[in-house]
Each structure stands twice: as structure tokens, then as C-alpha cells.
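Enquirer: this one's sequence-less:
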């Protein structure tokens, strides 16, 4: 049984560009949450998707958007990239309370 | 407010016990968690405790919860070099149908020979 998978592993973009990150949840999980982890910090909650709808959002600007598909996989989109968006982006899946994390996507904005 | 605090660094000798501490602010948290992160990797769920419990033991791991002081600790018995990692405390806050985790800044555990 595969755990949470994320793609790509690493990504380099320039300021102003747009990026899409992808996440596949653990088998049997129906909820996907996204977190941003800046270097040396703990993860910060971006938003959570359930039944293809965003049901809670953290303190992130509208440049951050997402989507959940009928197969429960999810995408995180970031528009107009800033240098400060450089971070490890973590996806977590759950069915109920416990959230299990993927390996993350390391985004570098130059 | 939403704040979870941890000390930044802990060094222990192999075979000793490690105790990592955390304080949180939200008394309405339902669950409290400990995650482990190794270099360049995602977060591994180590253990968790429901907010109406005082203690939970899981093999080498013991979690203690003091709700009055909003203090959580993780004890690792017989610490091994493979335990070297960053440990994050997190509180789970459920609002309606959603649940988000609020993390501390992490405690780096260094295990020396």
C-alpha cells in the first residue's frame, strides 16, 4: 500500500511564474491538507480539501489555490511567485483525525 | 492565540532517555501529536494523545500531557543514533468539519556516542 506521494520532488522557478504541485493520498483517505515549511520552521497550514471543496484555509494570500479531484488527489497552485515562497510544500492525507504526510516538494524561487 | 513552543535543541548520549517538551495555547485542541522529520524528508507520525488522556505509552515512546499547564512531553527511552532528527509537536484544532494542525518550530535531537 503506497503512502502519500507528491510530485515533483524538486522544482526551480523564477519570480512571477506560476507553479502546480501534485499530491496523491494514501489509499482509503478522502481528505488532503497542504502545508508550507520554510527553512528552519515548522509547517504552516495552507488549506484543506474534502469532497472536492476547500473547507478550511490558513493565513495565505489568494495567490495560493488548490483543487481536489474525484479520486481524492489534489493540486496546489501558486501564482505570481515571490522569493519568500521558497519552501518545502507538504501534503497530508487523512480519513478522520490522523494526518499522514508525503515526502514534500522542495520549491526554490530565484 | 495559536502558538506552539518548543526548545530548539537537545543533545543526549546513546542509551540515555530523551525528553522533548512542548507548550501549546489552545485548550480546545482535540489531539496532540508528535512528528519526526529526518533531513530532506517529510513528517513521520510518531504518536498522538487525545486531550482527555494524561499519558500514553507506545514501545520506547511515552507521551505525558498536563492540560492545566498546557504542557506536552515526549520521552524516548534508550535513545539510538537513528533517533537523531527534528521532532515537532502539533495541536489538532477541529472547526466544524475541518481539522488543521498547528506545529511548533521543532526540537533538533542530536544523539552522541
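Expert: Okay, I see it. Note that this is a predicted model, so its numbers are computed, not measured.
Enquirer: Let me see the contact set for residue B:35.
Expert: Contacts for residue B:35 (C-beta atoms under 8 Å, 6 or more residues apart in numbering or on different chains) come out as A:101, B:43-46, B:87-88, B:90, B:103. In this view, the C-beta of every residue, glycine as well, is placed from N, C-alpha and C.
Enquirer: Would you format those as CSV with distance to residue B:60 and pLDDT included?
Expert: Shown next, in CSV, are the contacts of residue B:35 (distance: C-beta to C-beta, whole Å; pLDDT from 0 to 100):
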residue, distance to residue B:60, pLDDT
A:101, 21, 96
B:43, 19, 95
B:44, 14, 96
B:45, 15, 95
B:46, 10, 96
B:87, 13, 98
B:88, 18, 97
B:90, 20, 94
B:103, 23, 95
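Enquirer: Please, a PyMOL command that selects the buried ones among these?
Expert: Selecting the buried subset of the contacts of residue B:35 in PyMOL, with 16 or more other C-beta atoms under 10 Å in any protein chain shown as the burial test, is done by:
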select buried, (chain A and resi 101) or (chain B and resi 43+46+87+88+90+103)
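Enquirer: Briefly note if the lowest-mean-pLDDT helix or strand in chain B comes near chain A.
Expert: Counting by mean pLDDT, DSSP states H and E, chain B has its least confident helix or strand at strand B:98-103, which shows a mean of 86. Yes - residues of strand B:98-103 contacting chain A under C-beta under 8 Å from any C-beta of the partner chain: B:98-103.
Enquirer: if you average pLDDT over the following helix or strand past that strand, what comes out?
Expert: Going down the chain from strand B:98-103, the next helix or strand is strand B:107-112, by DSSP states H and E. Strand B:107-112 shows a mean pLDDT of 97.
Enquirer: Could you give the bridge partners of residue 47?
Expert: Just going to use chain A. residue A:34, residue A:57 (DSSP bridges).
Enquirer: my bad, chain B
Expert: Residue B:47 forms beta bridges with residue B:34, as assigned by DSSP bridges.
Enquirer: I'd like to know how many residues surround it.
Expert: 17 (other C-beta atoms under 10 Å in any protein chain shown).
Enquirer: Contact partners for the residue minimising distance to the centre of chain A?
Expert: Geometric centre of chain A, nearest residue: residue A:34, 3.6 Å, by C-alpha atoms, centre = their mean. Applying C-beta under 8 Å, 6+ apart to residue A:34 gives the contacts A:23, A:45-48, A:66, A:74, A:76, A:89-92.
Enquirer: what do you get for residue B:46?
Expert: By C-beta under 8 Å, 6+ apart, the contact set of residue B:46 is B:33-36, B:61, B:74, B:87.
Enquirer: Buried only: go through those residues for me.
Expert: Buried among those (16+ other C-beta under 10 Å): B:33-36, B:74, B:87.
Enquirer: could you say which helix or strand contains the nearest residue to residue B:110 once chain neighbours are set aside?
Expert: Counting by C-beta to C-beta, 6 or more residues apart in numbering or on different chains, residue B:11 is the residue found nearest to residue B:110 once chain neighbours are left out, at 4.5 Å. If you go by DSSP H and E, residue B:11 is part of strand B:9-13.
Enquirer: Right, I'll leave it there.
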